[in-house]
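> Sequence and predicted model, in that order:
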Amino acid sequence: MIRVNIICIGKIKEKYFSDAVSEYAKRLSSFCRFSVTELSEERIRSSLSNEAQINEVLNAEGKRILQKIGQYDYVAAMCIEGKQLSSEELSKTLDNISVGGISTVDFIIGGSYGLSDEVKKRANLKLSMSRMTFPHQMARVILSEQIYRAFEISTNGKYHK
């Protein structure tokens, strides 16, 4: 059974978001070993953020993210400049990964400043949910739902219409 991880920066604060992710995690247990790993968010040290401080934050978060990724994992980095896929295309992508013998897929959601260049370089796929901007907590819910939908599509389930 394939393992699907969401590795993300920051914790979900609103119960309704964490409840939604938990619901999709429960549903996904029929299809994969699903987990969400929350890593702590780096803070800018002063009230005036500059590019150097932002890069420090990105690099510190990126190092912690990269430590959670296995050498042979397939990595999908969620980033604004990434490719937009339909639900059907995401389903096909996950099918192809599984058929290709890869046992773990990591979806990476960065912090408020995004992802470090190192994480993006490690990614097999740069994926964008939309050209719109979503709160990071909501992104986890949307991504969890889309992963569930992808498995439903590939098994001809009734969920996807």
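Nice, I can see it.
> roughly how far apart are the residue found closest to residue 134 once you drop the neighbours it is linked to in the chain and residue 23?
Of all residues not flanking residue 134 in the chain, residue 142 sits nearest, at 6.6 Å (CB to CB, 6 or more residues apart in numbering). In short, each C-beta sits where N, CA and C put it, glycine included. Per CB to CB, to the nearest Å, residue 142 is found 13 Å from residue 23.
> Helix, strand, or coil at the residue nearest to residue 134?
Using DSSP: H, G, I helix; E, B strand; the rest coil, the secondary structure recorded for residue 142 is helix.
> for residue 35, same thing?
When classified by three-state DSSP, residue 35 comes out as strand.
> Grab the nearest non-local neighbour of it.
residue 5 (5.1 Å).
> I figured the one you found was touching residue 105, is that so?
Yes - counting by CB atoms under 8 Å, residue 5 does reach residue 105; the two are 7.2 Å apart.
> I figured residue 83 was touching residue 129, is that so?
No - Residue 83 is beyond contact range of residue 129, at 10.8 Å (criterion: CB under 8 Å).
> In terms of neighbours, single out the busier of the two.
Per other CB atoms under 10 Å, whichever of residue 83 and residue 129 has more neighbours is residue 129, with 19 against 12.
> quick one: the spatially closest residue to the more buried one that is not a sequence neighbour from residue 44, how far?
Distances taken as CB to CB, 6+ apart put residue 142 closest to residue 129, at 6.0 Å, once the chain neighbours are dropped. Distance from residue 142 to residue 44, counting by CB to CB: 27 Å.
> Mind jotting down where the strands sit in this structure?
Taking DSSP state E, the strands of the chain run over residues 3-9, 33-39, 74-84, 104-109, 125-128.
> Next up, the contacts around residue 59.
Counting by CB atoms under 8 Å, 6 or more residues apart in numbering, residue 59 makes contact with 116, 118.
> Quick check: it vs residue 140, distance?
Taking CB to CB as the criterion, residue 59 is separated from residue 140 by 23 Å.
> Just the pLDDT for residue 101.
You'll see residue 101 listed with a pLDDT of 92.
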